[in-house]
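S.K.: Sequence plus predicted model, see below.
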Amino acid sequence: MRTNFPLLPVLGAVSLAFAANAFAQEQVFKIGHTGPMSGPNAFAGKDNENGVRLAIEELNTKKITVAGKTLKFELQSEDDQCDPKAGVSVAQKLVDEGVKIVMGPYCSGVAIPASRIYSEGGAILSTVGSNPKVTMGGYKNLFRIIAGDDLIGGAMANYAAKNLKAKTVAVIDDRTAFGQGLAEEFIKEADKLGMKVLGREYTTDKATDFNAILTNLKGKKPDVIFFGGYTPQAAPMTRQMKQLGMSQKLLGGDAICTGEMGKLGGDAVTDTVYCAQGGAILDKVADGPAFKAKYKKRFNQDPDAYAASFYDQVMFIVQAMQKTGSLDAQKIGDELYKGSYKGIASTYAYDEKGNLKKAPITFYSFKGGAPVPLSTN
C-alpha cells in the first residue's frame, strides 16, 4: 500500500522556501537620529529620539511596502553632544554608513555646519535647529520641522509688549548659534514695537553662576528679561533672580519650554518664566491627547517639546516614499517639497528653503513645575 509520508519533507521544503523568499523581500531601511544624548541637554535629545522611535515602531507593525519590498525600519541614533565638532563627525559617520534619512540635530550650532555634510552625502535632514542660518545655506533636502527663531523671537517680543505690557527689556544670550540668533530676532521685533533695550549681557552654555550679570541688570530695572539659551542655564538663572529679589519675568524661546525647566528651576519658575515654542497645544488638537497617552505608555514619561514634531516628520517622509514608490532620497525630498502632511503638532508643508510654510507658535508659562500652554497664534 502506498502512503503519502514521503511528501512531508517536500512540503516542509516548500514552506521553508516560501518563508525564505518572503524574508528576502523584506529590506532594512535605517533612519538616523542625531542629538545631545549626553550632557545637560540630554533630556531633549532623548525626547526627540523617542518621537522618532515611536514612529518607527508603529510603521513596522504596518508592514510598509515600497517598490515591492516590505521595509523594516531601524533607528540609528548618534550623540552629537550639542557640539559642532562632534556633530560634524556624527554627520560624516551617518553619511559614510549610507543613512539617507536623518532626524535632528536639536542644536542650531550643530545643524549649521553639519547640514553641508548631509547635503553632499545625499541625505535628507529634518531638524529643529531654529537659527535662521540653518536654512540659508542653499542646501537641498534640508527641512526645519518647527518655526524658526525669526518667528519665535519675534512672537515672544510681541507677547511681551501686548500681553505683559513691557516697555523696557534686558537681553542675555549664551553666545551659541541658537541663543544669539534668538536674542537678535527678539531685539529686532522689540525695536519695531518701541520697547527699549536697557542692557545686553552675555554668558555661555556651560555657565551656572549668573549673579554678576543679574546684579548689573537689576540696577537698570527692566520690565522683563529675555534669555537666548537653553534650559540648563535658564533654570539656575531664574533661581538666582529670585535670590536677588528680582521680580521681572524671564522670557525665552523653545529651548526653555521644557519639563526639565521645572525640574531644575523648582518653584522659582512658576509664574516667572514665559516662553514660545513651535507647534500646537497637544491637548487641544484632535490627535494630541492620544499621542500623549501612547508616548507615556511606551516611555513612562510625558512628551517634551518636539517628540510629536519628530514623530510627524517620520510619518511624512514615509508617506513620500509610498507616493513616489522609491527609496531614493532625492525623489523623496522632491515629494516633501511639493507635498503636505497633516500631523499631530502641525501641518507640514515646506517652502523652497525648507522652512515650514505655516508654523504655529504656542506661548507657555509654568505652574507647579510644568509648562502650561497659554495660547497659540
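M.R.: On my side now, so go ahead.
S.K.: quick one, helices of the stretch 1-150 of the chain?
M.R.: 7-24, 42-62, 84-96, 108-120, 149-162 (DSSP state H, counting those that start in this stretch).
S.K.: what's the neighbour count on residue 80?
M.R.: Other residues near residue 80 number 28, with proximity taken as other Cβ atoms under 10 Å. (C-beta placed from N, C-alpha, C; glycine too.)
S.K.: cool, and residue 209?
M.R.: Around residue 209 there are 11 other residues, counting by other Cβ under 10 Å.
S.K.: Doesn't it belong to a helix?
M.R.: No. With the criterion set as DSSP: H, G, I helix; E, B strand; the rest coil, the secondary structure at residue 209 is coil rather than a helix.
S.K.: so residue 190 makes contact with residue 197?
M.R.: Yes. Between residue 190 and residue 197 there is a contact at 6.4 Å, judged by Cβ atoms under 8 Å.
S.K.: Give the residues shared as contacts by the two.
M.R.: Counting by Cβ atoms under 8 Å, 6 or more residues apart in numbering, the contacts common to residue 190 and residue 197 are residue 169.
S.K.: So which of these two has more stuff around it?
M.R.: Using other Cβ under 10 Å as the criterion, residue 190 and residue 197 rank with residue 190 on top: 25 against 16.
S.K.: OK, contacts around that one?
M.R.: Neighbour list for residue 190: 157, 160-161, 169, 197 [criterion: Cβ under 8 Å, 6+ apart].
S.K.: now for those, which pair is the farthest apart?
M.R.: In terms of Cβ to Cβ, those reach their longest pairwise distance at 161 and 197, which sit 12.6 Å apart.
S.K.: mind saving the C-alpha coords of stretch 158-173 as PDB?
M.R.: Coordinates of each C-alpha in stretch 158-173 appear next as PDB, following Å, rounded to 0.1, in the frame of the first residue of the first chain:
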ATOM      1  CA  ASN A 158       5.000  90.700  20.600                       C
ATOM      2  CA  TYR A 159       3.800  88.800  23.600                       C
ATOM      3  CA  ALA A 160       6.000  90.800  26.000                       C
ATOM      4  CA  ALA A 161       4.700  94.100  24.600                       C
ATOM      5  CA  LYS A 162       1.000  93.200  24.200                       C
ATOM      6  CA  ASN A 163       0.300  90.700  27.000                       C
ATOM      7  CA  LEU A 164       2.900  91.600  29.600                       C
ATOM      8  CA  LYS A 165       2.800  95.300  28.800                       C
ATOM      9  CA  ALA A 166       6.600  95.500  28.800                       C
ATOM     10  CA  LYS A 167       8.100  98.900  27.800                       C
ATOM     11  CA  THR A 168      11.700  98.000  28.700                       C
ATOM     12  CA  VAL A 169      13.700  94.800  28.400                       C
ATOM     13  CA  ALA A 170      17.200  93.500  29.100                       C
ATOM     14  CA  VAL A 171      18.700  90.700  27.000                       C
ATOM     15  CA  ILE A 172      21.100  87.900  27.900                       C
ATOM     16  CA  ASP A 173      22.300  85.300  25.400                       C
END
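S.K.: Adjust the sequence numbering to begin at 22 for everything that follows.
M.R.: Done: numbering now begins at 22, and the last item shifts to stretch 179-194.
S.K.: to the chain's geometric centre, what's the distance from it?
M.R.: Its chain's C-alpha centre lies 25 Å from the corresponding centre of stretch 179-194 when counted by Cα atoms, centre = their mean, to the nearest Å.
S.K.: and if you look at stretch 377-385?
M.R.: Put simply, stretch 377-385 sits 13 Å off its chain's centre (Cα atoms, centre = their mean).
S.K.: One more: stretch 267-277?
M.R.: Between the centre of stretch 267-277 and the centre of its chain there are 20 Å (Cα atoms, centre = their mean).
S.K.: outside of it, which residues touch it?
M.R.: Where contact means Cβ under 8 Å, 6+ apart, the residues beyond stretch 267-277 that reach it are 65, 149, 151, 167, 170, 173-174, 177, 180-181, 185, 199, 203, 207, 235, 239, 243-252, 255, 258-259, 262, 293-299, 326-327.
S.K.: Tell me if I'm right that residue 236 and residue 265 touch.
M.R.: Yes. A contact is recorded between residue 236 and residue 265 when judged using Cβ under 8 Å, the distance being 6.5 Å.
S.K.: Quick check: neighbours shared by those two?
M.R.: Between them, residue 236 and residue 265 share no neighbouring residue, with contact defined by Cβ under 8 Å, 6+ apart.
S.K.: so what strands line up beside the helix or strand where residue 193 lies?
M.R.: Residue 193 is part of strand 189-194, with elements assigned from DSSP states H and E. Sheet pairing for strand 189-194, assigned by DSSP bridges, gives strand 217-223 (parallel), strand 245-249 (parallel).
S.K.: Show residues contacting the first one.
M.R.: By Cβ under 8 Å, 6+ apart, the surrounding residues in contact with strand 217-223 are 188-196, 204, 208, 211-212, 234, 237-238, 241-243.
S.K.: repeat that with 6 Å
M.R.: Taking Cβ atoms under 6 Å, 6 or more residues apart in numbering as the criterion, the residues outside strand 217-223 that touch it are 189-193, 196, 234, 238, 241, 243.
S.K.: Report the distance from it to the chain centre.
M.R.: A distance of 28 Å separates the centroid of the chain from that of strand 217-223, by Cα atoms, centre = their mean.
S.K.: Same question for the last one.
M.R.: On the basis of Cα atoms, centre = their mean, the separation between the geometric centre of strand 245-249 and that of its chain is 21 Å.
S.K.: Give the buried residues for that strand.
M.R.: Judged by neighbour count (16 or more other Cβ atoms under 10 Å), strand 245-249 contains these buried residues: 245-249.
S.K.: Switch these over to CSV; also include pLDDT and distance to residue 271.
M.R.: What follows is these, written out as CSV (pLDDT from 0 to 100; distance: Cβ to Cβ, whole Å):
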residue, pLDDT, distance to residue 271
245, 98, 8
246, 98, 5
247, 98, 8
248, 98, 6
249, 98, 12
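S.K.: can I get these in JSON lines with distance to residue 383?
M.R.: Shown next, in JSON lines, are these (distance: Cβ to Cβ, whole Å):
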{"residue": "245", "distance to residue 383": "19"}
{"residue": "246", "distance to residue 383": "21"}
{"residue": "247", "distance to residue 383": "18"}
{"residue": "248", "distance to residue 383": "18"}
{"residue": "249", "distance to residue 383": "19"}
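S.K.: Good, we can wrap up now.
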